[in-house]
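Sequence below, structure please.
(chains A, B and C)
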Amino acid sequence: MKSLSLLAASLAFASAMSSAAFAQTTLTMWYHGAGNEVESNIINQIISDFNASQSDWVVEIESFPQAAYNDSVVAGALAGNLPDILDVDGPVMPNWAWSGYMQPLQIDEAKIANYLPGTKGVWNGELYSIGLWDAAISLVTRQSYLDELGLRVPTLEQPWTGEEFMDALAKAKASGKFDHALDLGTAWTGEWYPYAFSPFLQSFGGDIIDRSTYTTAEGVLNGEAAVEFGTWWQGLFTEGYAQATQDPADRDNGFNSGKYAFSWNGNWAALGTLDAYEDVLFLPAPDFGNGPKIGAASWQFGVAATSEHPDGASAFIEFALQDKYLADFSNGIGLIPATASAAALTENYEEGGPLAVFFGLSEAQALVRPVTPGYVVAAKVFEKALADIANGADVQDTLDSAVDEIDADISKNDNYGF
Amino acid sequence: MAQITADNHGLRLVVRYTVLGLIALMFVFPLVFMLMSSLKPDAQLLSDTRSLRAFLPVGDISLDNYFDAFRRAPVGLFIFNSVVVTGITVVLSLMVCSAAAFAFVFVDWRGRELVLTLILATLIVPFETIAIPLLLIASKLPWLGLDGLSYGWLNSYQVQIIPFVADGLTIFLFVQYFKDLPGELIEAARVEGASWWQVYRRIVMPLAGPVLATAAILKFLAMYNQYLWPLMVVQEETYRPVMVGLQYFFQLNRAWGEIMAYLSLITVPVLAFYLFLQRAFIASIASTGVKG
Amino acid sequence: MASKFTRSNATGWMMAGPAAALMALFIVLPFIFAIGFSFTNQRLISPNPTQFVGLSNYSQLLGVGLLVLEPEKDEAGSVLRTDDGSLTYPALRGFTRNNPDYPQFDGMREWFSLSLGENRIYVLARDVVFIKAIVNTVIFVMVVAPLQGGLALVLALLINQKLRGINFFRAVYFMPVVVSIVVVSLLWRFIYDGQSGLLNNLLGALTFGAFPRIDWLGNPNTALGAIIAMSIWQAVGFHMVIWLSGLQTISPSLYEAAAIEGASPWQTFRYVTWPGLRNTAVLVLIVITMQAFALFAQIDVMTSGGPLDSTQTIVFQAVERGYGKQDISGGSTISVILFVFVLAISLLQRWLTREKK
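Below you'll find the predicted structure:
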């Protein structure tokens, strides 16, 4: 059967193209960026360049909306029909590697020696995924807002303290000029919550999982520091500084149309903001006692464990690791290119470029999310806990039960191998 | 006197129709809102919700949202997939379930009572309670396709069709209907030497028009509107049906006008079909009641 | 009518076989699997082997406890009061977390509490979210069943009039039934929206702006009610038609007799219509109840169980755990619990219909 349909296919192919094309092997690829035209154009460009550059492999892509992507990969793994190449969000990678969906990359280490640390997905001492970019979050505002509200400009050397930050929010609210002082992006459900908000928790001195053992959340997610964080978090909503439920449209253009004084947002949204205002500032995270923190690691490429052609898949990924593509992604969606040499090619990250500040922000503050297969469930639990606290749930109770749920999951999975 | 009763009568009629009409408005307004909004650009759509304009085709009216919806996602493919899945399931279901009911009602065989009891017992098992283990089973099942033997049914048409071909309700409907057919007719045909297949094909099925319509309509509604199962088992675009496509569409972008256009696209054909056949639709629901 | 002409084991199995085999594979087998998985730690995908865990999934989900706390007292033994005069109690988590004296409460949380004299009674649950899901589902069923059944009967009586064009109204009332619940749920998000929702705009217009805007789905006090209202709107036509078919089985001569006796409309309904509808009533209630227990799509599209678990339901939790968190064993356990609920309802139906005969 198989050989018959193969024969038919290659006959059709040969008659149509009358080239040596049938010697090529098809590699399938899944990507999370459906719906984003700019992103799709860049990835399609890389694929067609790759397909044209050699005669062994042909890459075919299927894109999913980000919200459905992880479920699709899990179901694909269950059904045994994962593609050859897939992209994976950095903190999720350990789970997929541990579950056996992914295999280590066959890429020359020297090629990625100068890559930013956040772009390398390492699990159990092996490189499973590599990113063309890193993302970073900043507190976005305008110089004119700070001047009006009489606030100093925080710097990496001297970020705002927690009190200064709250004072800024209070002043913004008191000014009456804004619908809300702070746009946290609560409309973005899913990974945004742990990515964007767990650094606050870490700055308070807590964490999602105890990184000394990776087998419990007890003490770090419900200890004193965590409760302090939770109480502060709840205050943002009870004081009316931010919205617990936000209209997605407000997340997309609220700050750019003057509804918010501050926006806690990623650099992928920075290009739009630069278009909207002349005097945009990308400020470091406030320091709640343990230093200013932001999340590290973004989407990366990897190879499925079931791929019959890991050499081809790795060849594609290696091909994609060219400064010009890194620069394309950066120019297209505002992300930090993974190498300094690529940064020099970009409009925004070259020396003195408008977004070059993100390099510094990332370097000084970035902390990866806990590197464990248990992160996937812990992240969902954390998201729910924050949403509940924002909606008025008791802080200590909510964090306690989040700890119980994370611990129960870890023990159900035999400590995920730790 | 006569004058007064006539007035009374007229007044009563007015009251009755007003009540009926107000209730009817309650039932149609979200659908009217959907259709009208699908013709408007986003900004107008949102501002119109402040007044009755939300239900009127006024302002900047165009079919742009429909074109944009088709451009944004393979809407035609989703509709095609749903039609394929629904159509095949309905046809297979009618064949398999009517044959089973025929065997239960007209044929005398060992195990008949036990099997029928078991099948009717499944009526109280909600699909939701078996969806998750069924997912695991479906992920392991073998399939002999054009590429030879493979394992795992996820992302396919068959995973959306085969589990729903036989169900207790459809068999029950056929059994109830067949019981009312004259048994002597079947026995007489047998005595005259007709094969079972001939009896089924030539005598029983030609009489089964009403129950076929009932079963087909109920199955059609259940299949076309399916959500939970395809959400779990179909991730690839190639096999995605309309309701999961809707979820997908919604995740891609919150362009409300386009979403309304998509909703209209997948709803209006069913509504038209329903209005065209509404007597049969209503009769089919009613028959589940009378017989139950 | 058993005779040699109707007897044929081969034919019987051949014709019923395909349906029986399909149902065995796709309904009975997964059902047995669900029961089996509920005693293990089965995951969707995991490198770890599956282990038998006994009843721990059940005790994890359903475990409840009762703890009575006395108010805090000073050294002299008199109760301490806060400034506003209310009593203070020791922190609950001192008993439920790592307290070796109360191992039975370890990991539990407050479900609800009430005062009894000076003491405070805490009802604890091991999995408060799931307990809330059960409570919400039961509330949903208890509100929807009588309300939807009753409204459907009212509509059926209206539609049963002999009026020109009545079929048009019947068709319209039934219309939402053929629209997918997923579509309906998305549409109603517009109606319930906190900013520009149609409902807020309507209430605002009716009260000249006096009515405060409510985020119907974002408020824990209104979210479940909003979903109940929408669900009734969508499904009431279905049950109206079932009532209608029941109404049409009542002999017209009974109504004529009632009219001759000079019965009022209410008396006619009470002594003629209602007795004739008894069977239909049981059927309608059972069908609504079974459908209501399976509440899922509305939740998934509209609230995902929030805010503050106010719209968690049993099936949503089963899917969330079994699929979202890849915990097949947890999802299966919830499925079995749901089945027990539904089984109880259908046994009740049997009992109700048998008693009549």
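
Nearest residue to A:Ala244 in space, please, no chain neighbours.
Among residues not flanking A:Ala244 along the chain, A:Ala390 sits closest, at 3.9 Å (C-beta to C-beta, 6 or more residues apart in numbering or on different chains). The way it works is simple: take the backbone N, C-alpha and C, and place the C-beta from them, glycine included.

Kindly tell me how buried that neighbour is, as a neighbour count.
24 (other C-beta atoms under 10 Å in any protein chain shown).

again, but for A:Gly258
Count around A:Gly258 with other C-beta under 10 Å applied: 15.

what about the nearest residue to it once chain neighbours are set aside, which helix or strand?
For A:Gly258, ignoring the flanking residues on the chain, the nearest one in space by C-beta to C-beta, 6+ apart is A:Phe178 at 7.3 Å. According to DSSP states H and E, A:Phe178 maps onto no helix or strand at all.

Next: B:Ile217.
helix B:209-224.

what do you get for A:Glu218?
Assigned by DSSP H and E, A:Glu218 belongs to no helix or strand.

hang on, isn't it packed against A:Asp400?
No. If you go by C-beta atoms under 8 Å, A:Glu218 and A:Asp400 don't touch, sitting 9.3 Å apart.

follow-up on the earlier one: report the contact partners of the residue nearest to A:Gly258.
Applying C-beta atoms under 8 Å, 6 or more residues apart in numbering or on different chains to A:Phe178 gives the contacts A:Ala172, A:Gly258, A:Lys259, A:Tyr260, A:Ala261.

Let's see the pLDDT reported for residue 327.
Went with chain A since none was named. A:Ala327 is assigned 93 on the pLDDT scale.

look at chain C instead
Reading off the model, C:Asp327 has pLDDT 90.

Apart from its neighbours in sequence, what residue is nearest C:Arg170?
C:Arg170 sits nearest to C:Ile159 (C-beta to C-beta, 6+ apart), 4.8 Å away.

Could you report the neighbour count for residue 36?
Answering for chain A, as no chain was given. 19.

um, chain C though
15.

could you list every residue that touches it?
Contacts of C:Gly36 (C-beta under 8 Å, 6+ apart): C:Ser332.

One more: B:Ala121?
Counting by C-beta under 8 Å, 6+ apart, the residues that B:Ala121 touches are B:Gly168.

again, only using 10 Å
For B:Ala121, the contact set (C-beta atoms under 10 Å, 6 or more residues apart in numbering or on different chains) comprises B:Gly168, C:Ile27, C:Val28, C:Leu343, C:Ser346.

So for the residue nearest to A:Gly258, what's the pLDDT?
pLDDT, A:Phe178: 95.

just to revisit the earlier point, the next helix or strand after the helix holding B:Ile217 and chain C, any residue contact?
On the C-terminal side of helix B:209-224, the nearest following helix or strand under DSSP H and E is helix B:228-233. Yes. Helix B:228-233 lies within reach of chain C by C-beta under 10 Å from any C-beta of the partner chain, at B:Leu228, B:Leu231, B:Met232.

near chain B, which residues of chain A?
Checking chain A against chain B by C-beta under 10 Å from any C-beta, the hits are A:1-6, A:8, A:30, A:34-37, A:62-69, A:71-81, A:187, A:247-249, A:251-252.

contacts with chain C among those residues, please.
A:Asp71, A:Val74, A:Ala75, A:Ala77, A:Leu78, A:Asp247, A:Ala249.

related to what we said a few turns ago, narrow the contacts of A:Phe178 to those in strands?
A:Tyr260, A:Ala261 (DSSP state E).

Nearest to A:Asn124 among the contacts of A:Phe178?
A:Tyr260 (42.2 Å; C-beta to C-beta).

Name whatever forms a beta bridge with the nearest residue to the closest one once chain neighbours are set aside.
Distances taken as C-beta to C-beta, 6+ apart put A:Asp183 closest to A:Tyr260, at 4.0 Å, once the chain neighbours are dropped. Beta-bridge partners recorded for A:Asp183 (DSSP bridges): A:Ser263.

Next one: A:Asp183 from chain C, what distance?
According to C-beta to the nearest C-beta, to the nearest Å, A:Asp183 and chain C sit 16 Å apart.

May I see the buried residues of the helix or strand harbouring A:Trp233?
For A:Trp233, the host element (DSSP H and E) is helix A:224-238. Neighbour counts over helix A:224-238 (16 or more other C-beta atoms under 10 Å in any protein chain shown) mark A:Ala225, A:Ala226, A:Val227, A:Glu228, A:Phe229, A:Gly230, A:Trp232, A:Trp233, A:Gln234, A:Leu236, A:Phe237 as buried.

For the following helix or strand past that helix, the averaged confidence score.
Downstream of helix A:224-238, the first helix or strand assigned by DSSP H and E is helix A:248-253. Average pLDDT, helix A:248-253: 85.

Any regions of the chain where pLDDT drops low?
Picked chain A for this. Flagging of chain A using pLDDT under 70 yields the residue ranges A:1-23.

Chain C was what I was after
In chain C (pLDDT under 70), the answer is C:1-4, C:355-357.

end-to-end on stretch C:47-67?
In stretch C:47-67, first residue to last residue: 40 Å (C-alpha to C-alpha, to the nearest Å).

ok so, going back, what sits in contact with each of A:Glu218 and A:Asp400?
In contact with both A:Glu218 and A:Asp400: C:Arg97, using C-beta under 10 Å, 6+ apart.

which of those two has more neighbours?
Taking neighbours as other C-beta under 10 Å, A:Glu218 and A:Asp400 compare with A:Asp400 leading, 24 against 17.

for the residue lying closest to C:Pro47 once chain neighbours are set aside, what are its contacts?
What sits nearest to C:Pro47 in space, not counting adjacent residues and going by C-beta to C-beta, 6+ apart, is A:Gly100, at 5.8 Å. The neighbours of A:Gly100, taking C-beta under 10 Å, 6+ apart as the test, are A:Ala77, A:Ala304, A:Ala305, A:Thr306, C:Ile45, C:Ser46, C:Pro47.

mind listing which of these are in helices?
A:Ala77 (DSSP state H).

Centroid-nearest residue for chain B?
By C-alpha atoms, centre = their mean, chain B has its centre lying nearest to B:Leu221, at 1.0 Å.

helix, strand or coil for the residue lying farthest from the centre of chain C?
The centre of chain C is farthest from one residue, C:Ala76, which by C-alpha atoms, centre = their mean lies 51.2 Å away. With DSSP: H, G, I helix; E, B strand; the rest coil as the basis, C:Ala76 sits in coil.

quick one, phi psi at it?
Note on C:Ala76: its backbone torsions stand at phi -80, psi -10 [degrees, to the nearest 10].

now it: how far from chain A?
30 Å.

for A:Thr216, phi and psi?
Taking degrees, to the nearest 10 as the convention, A:Thr216 sits at phi -160, psi 160.

Could you do C:Thr50 as well?
Torsion angles, degrees, to the nearest 10, at C:Thr50: phi -70, psi 140.

and it, how many neighbours does it have?
Neighbour tally, C:Thr50, other C-beta under 10 Å: 13.

Wait, it touches C:Ser332, no?
No. Applying C-beta atoms under 10 Å as the test, C:Thr50 and C:Ser332 come out as separate, 12.0 Å apart.

who touches both of these two?
With C-beta under 10 Å, 6+ apart, C:Thr50 and C:Ser332 have common neighbours C:Phe37, C:Thr40, C:Gln42.

ok, for the first one, nearest residue in space, not its chain neighbours?
Nearest-residue entry for C:Phe37: C:Ser332, 3.8 Å, with adjacent residues in sequence omitted and distances by C-beta to C-beta, 6+ apart.

helix or strand for the one you found, which one?
Counting by DSSP H and E, C:Ser332 is found in helix C:328-356.

And that helix, how far out from the chain middle?
Centroid separation for helix C:328-356 versus its chain: 12 Å, with C-alpha atoms, centre = their mean, to the nearest Å.

Just list whatever residues bridge to residue 87.
Went with chain A since none was named. Beta-bridge partners of A:Asp87, as defined by DSSP bridges: A:Phe301.

I was after chain C.
Bridge pairing for C:Leu87 - DSSP bridges - gives C:Arg81.
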